[in-house]
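> Starting from these lines, generate the structure:
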Amino acid sequence: VQLQASGGGLVQAGGSLRLSCAAPGSIFSMNVMGWYRQAPGKQRELVARITSGGSTDYADSVKGRFTISRDNAKNTVYLQMNSLKSEDTAVYYCNAFIMVTIQDAYAYYWGKGTLVTVSS
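Next up, the predicted model:
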């Protein structure tokens, strides 16, 4: 299963970006979807996640600035990032808990990262 992430780029501090991540339309079921990030020299960390029912969870560092949402009909998760700071610079990865077919168990899948660079 390949998750397709897009939307990264270079932005000035205080600016906004919107990341998108789509899972294939052929999958049977998708539960939690989320965004993680990894800055140079640091461990990958959770940024935000959202359940199929719409419950959300955010890292303290992004609360009030980032908003995660999903379109279940499109198997897509979004991350709206506002008031970006230089410390938000990282490679952002999407993640989803997916049951590919009814015969499969749920498993986590990752997308390729998309680079977000915030200039100060």
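
> wait, isn't G25 in contact with N72?
No. Between G25 and N72 there is no contact under Cβ atoms under 8 Å: 11.4 Å. Placement of C-beta: from N, CA and C, glycine included.

> Those two - which one has more neighbours?
Taking other Cβ atoms under 10 Å, G25 and N72 do not tie; N72 has more neighbours (12 against 9).

> where does the residue nearest the centre of the chain fall, phi/psi-wise?
With distances taken as Cα atoms, centre = their mean, the residue of the chain nearest its centroid is W35 (2.7 Å). Dihedral pair for W35: phi -120, psi 130, per degrees, to the nearest 10.

> And for A73?
The phi/psi pair for A73 (degrees, to the nearest 10) is phi -70, psi -30.

> What ranges does the chain have for its strands?
Counting by DSSP state E, the chain has strands at residues 4-6, 9-12, 17-22, 29-38, 45-50, 56-58, 66-71, 76-81, 90-99, 107-110, 114-119.

> and the first one, what other elements does it pack with?
Contacting strand 4-6 under the criterion 3 or more Cβ pairs under 8 Å, 6 or more residues apart in numbering; DSSP states H and E are the following elements: strand 17-22, strand 90-99.

> Which of the ones you listed sits closest to K42?
When the helices and strands packed on strand 4-6 are compared by Cβ to Cβ, strand 90-99 sits nearest K42, at 7.8 Å.

> now that closest one, how far from the centre of its chain.
Relative to its parent chain, strand 90-99 has a centroid offset of 6 Å by Cα atoms, centre = their mean, to the nearest Å.

> Sheet partners, orientation included, of it?
The pairing partners recorded for strand 90-99 under DSSP bridges are strand 29-38 (antiparallel), strand 107-110 (antiparallel), strand 114-119 (antiparallel).
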